[in-house]
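Chemist: The sequence isn't on hand, but the structure is:
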């Protein structure tokens, strides 16, 4: 297949591009390199030393003889350029990672909120609009998030996108209907993925676009089969308070002897998936497109759930690190249950990598190996969800908060 | 109250501004005048001769001694300007009409789709973002649409925003919950109002903004008590295929002896409200704000429902016009039932103006009076919902289609 990977320079985009190139597909990365610009803005960098996209693709070619093509195109801003590219190349499938993907970054300031909304909505809508305008029947696979469901439920297992409900009719009967799971996003970033869902639903209904939306859990791990092949093919690893997801932050904290920082009670239950499983899921989704005219296909792309405090304890046990309890910068329930259905990928052959089996290797092979590159001052999460919360978490200076921990 | 009317130069914005000024409020109109620019783009104009906003406000002052202030600000593009204006003026309430509001215009081309999405999402989000950033506790009243519900239901009466459903829990119990009515928009325009709903829900939950969303039916009529006071205070009246809603097009067709053009079977049931009732509803909503921390308050702002073909017959009977049956440029169900709850406004004192009592006056006082200004070529609706439909409706040239009618 000819596959366009929008955002193919990013954390999942890059290993996905390698994985699919390795499988024999013709890969075109379209990316505006915004993630690298945001590193510059924040003054942070990937823990792993990461080469330019041009250099990475050159090395991939040298190693494997396969070409990955790179095109500097901004999906959100360059609609006409995107449309011409699609018209000329007519890919069979498109994988859409081209969105700002950090919840804390999306909550940093009013400027970051606007950027996240405008960038993500425009990127997604430009893509749908161009496919429709060109009458291009490419299968669109989008990386969504478990966060569209929100984390407060009535105790029902989270289905794969569609929830069966009972509705009472005007004449008093009760009918059963499947509805898109009611959105309850917890941040501006998560909200943009809910907006995406409505865009997808409309274009699937009105224009027959074939769309798969992957509601992904928190991705952990760094290496895939392909990124291991050469030191300069390594994936990015974010550990800062904005882009570092909870597990990556714990790993790096363990590696440098910093306490594992748990926000609130740590009773938040989250869904996880290893990066290797993530790229496999994307391949499975590509191989199982919906038919034209069908509703949006939705998979839950996760393999296990854990409470944050249980994760911290698991890593503390492996590494001997301490645990530090800090105020929560997010506005969310202190504790939540989370039961998630992921039968669809399992039935299609996914064999999950478990946290239990992979964590130690991640600490040794990545976190410890590159720990000399860590900027300790960038580890704490400082983006507060509201101005009230910002006052609370900034009341104690960072040093004091961390010193008070056993 | 000090009230900011965003989009106060538009079809409902203008009579709302007059109505609230008359009631003694301090009114500030913020508008980018985009609706006038779109008239220029399309080469159409209001049936009623409409003065500049500066001239209209001058006349209002001369007639009543009351000032309506006008500020040329683009909510979607000028975030910093909007924020400064709000910081300086700190209104008690904000009425938000500042969106592209025609479904056919939103479906004209890929450029119009992008414009509608970017303009409407940015305008709404900029406003919410600025209110949060400034910690400004103004009550935000938004003009939404009945179209967020979609028109295919399971036969349940459409509630005011929130639908009670039964959900089965993981342990087999059934629990009752109220959810935001599942969105099923029928055009890009309607979809943007669904996106708005999610933005409102998030900012009400995360930041405690006080928001009322008015899901309005199709507005008909031209005059309110205030627009009648001077010829140059008259409201705009759109009759073209993009901005003219179905009833206005029938009225003008009746006035100029053009057949009433019904799309498809005319079995589409729609909700309607007179412009005078619309401005009264907005005043009622302003006087009944939600408390801080409450969920978004939602009213259905409509007073009666009719099938399109029944409306055509009603107007044909009054005026003696013929009815012409044309292919439907929209992708929608040919026939639908529509039962809508509007108890909340009725309980708060709304006394509806009925179509039956007001239609004849509208034909005589507005449509016939200004019929010399009609450009007959702009009456047909030509924006098709998909490329396939475009081919169907353009197969017969306009003249031939209309000649085939009795």
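Modeler: Here it is on my side, so go on. From a predicted model like this one, the values you see are computed outputs, not experimental measurements.
Chemist: Within range of chain B, give me the residues from the stretch 201-350 of chain A.
Modeler: By CB under 8 Å from any CB of the partner chain, the part of the stretch 201-350 of chain A that sits against chain B consists of A:201-202, A:206-207, A:331, A:339. Yep, even glycine has a C-beta here, placed from its N, CA and C like the rest.
Chemist: State the pair within these that is farthest apart.
Modeler: A:207 and A:331 (36.8 Å; CB to CB).
Chemist: Same drill for those two, tell me which one is more crowded.
Modeler: The residue with more neighbours, out of residue A:207 and residue A:331, is residue A:207; 19 against 16, by other CB atoms under 10 Å in any protein chain shown.
Chemist: Show the residue spans covered by the strands in the stretch 51-200 of chain A.
Modeler: Using DSSP state E, counting those that start in this stretch, the strands of the stretch 51-200 of chain A run over residues A:68-72, A:93-96, A:139-145, A:162-168, A:174-180.
Chemist: Tell me if the last one is near chain B.
Modeler: Yes. Judged by CB under 8 Å from any CB, strand A:174-180 and chain B are in contact via A:174-175, A:177, A:179-180.
Chemist: Tell me where the stretch 251-400 of chain A has helices.
Modeler: In the stretch 251-400 of chain A, the helices defined using DSSP state H, counting those that start in this stretch lie at A:275-286, A:308-319, A:343-347, A:355-362, A:387-395, A:398-403.
Chemist: Take these and lay them out in a markdown table including mean neighbour count and distance to residue B:377.
Modeler: Listed next are the helices of the stretch 251-400 of chain A as a markdown table, based on neighbours: other CB atoms under 10 Å in any protein chain shown; distance: least, CB to CB, whole Å:
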| stretch | mean neighbour count | distance to residue B:377 |
| --- | --- | --- |
| helix A:275-286 | 23 | 49 |
| helix A:308-319 | 18 | 65 |
| helix A:343-347 | 15 | 53 |
| helix A:355-362 | 16 | 67 |
| helix A:387-395 | 14 | 55 |
| helix A:398-403 | 13 | 69 |
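Chemist: ok, residue A:360 - contacts?
Modeler: residue A:318 (CB atoms under 8 Å, 6 or more residues apart in numbering or on different chains).
Chemist: what does the model give it for pLDDT?
Modeler: On pLDDT, residue A:360 comes in at 81.
Chemist: how about TSV for the strands of the stretch 51-200 of chain A, with mean pLDDT and mean neighbour count added?
Modeler: Output for those, formatted as TSV (pLDDT from 0 to 100; neighbours: other CB atoms under 10 Å in any protein chain shown):
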stretch	mean pLDDT	mean neighbour count
strand A:68-72	98	18
strand A:93-96	98	25
strand A:139-145	97	25
strand A:162-168	90	17
strand A:174-180	90	14
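Chemist: Take those strands and lay them out in a markdown table including distance to residue B:108.
Modeler: Shown next, in a markdown table, are the strands of the stretch 51-200 of chain A (distance: least, CB to CB, whole Å):
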| stretch | distance to residue B:108 |
| --- | --- |
| strand A:68-72 | 29 |
| strand A:93-96 | 25 |
| strand A:139-145 | 23 |
| strand A:162-168 | 32 |
| strand A:174-180 | 27 |
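Chemist: For the residue lying closest to residue A:142 once chain neighbours are set aside, list each beta-bridge partner.
Modeler: Closest residue in space to residue A:142, ignoring its immediate chain neighbours: residue A:96 at 4.5 Å, by CB to CB, 6 or more residues apart in numbering or on different chains. In this entry, residue A:96 is beta-bridged to residue A:6, residue A:142, by DSSP bridges.
Chemist: from memory residue A:96 sits against residue A:138, does it?
Modeler: No. If you go by CB atoms under 8 Å, residue A:96 and residue A:138 don't touch, sitting 10.7 Å apart.
Chemist: any weak-confidence spans in the stretch 101-250 of chain A?
Modeler: Within the stretch 101-250 of chain A, the ranges that satisfy pLDDT under 70 run A:151-154.
Chemist: residue ranges for the helices of it, please.
Modeler: A:103-106, A:110-133, A:188-207, A:246-256.
Chemist: now those helices in CSV, with distance to residue B:150?
Modeler: Shown next, in CSV, are the helices of the stretch 101-250 of chain A (distance: least, CB to CB, whole Å):
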stretch, distance to residue B:150
helix A:103-106, 29
helix A:110-133, 19
helix A:188-207, 10
helix A:246-256, 38
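Chemist: out of these, which comes closest to residue B:24?
Modeler: Short answer: helix A:110-133, nearest of the helices of the stretch 101-250 of chain A by CB to CB, at 33.4 Å.
Chemist: tell me which strands and helices the closest one is in contact with?
Modeler: helix A:79-89, strand A:93-96, helix A:103-106, strand A:139-145, helix A:188-207, helix B:79-89, helix B:110-133 (3 or more CB pairs under 8 Å, 6 or more residues apart in numbering or on different chains; DSSP states H and E).
Chemist: Lovely, talk soon.
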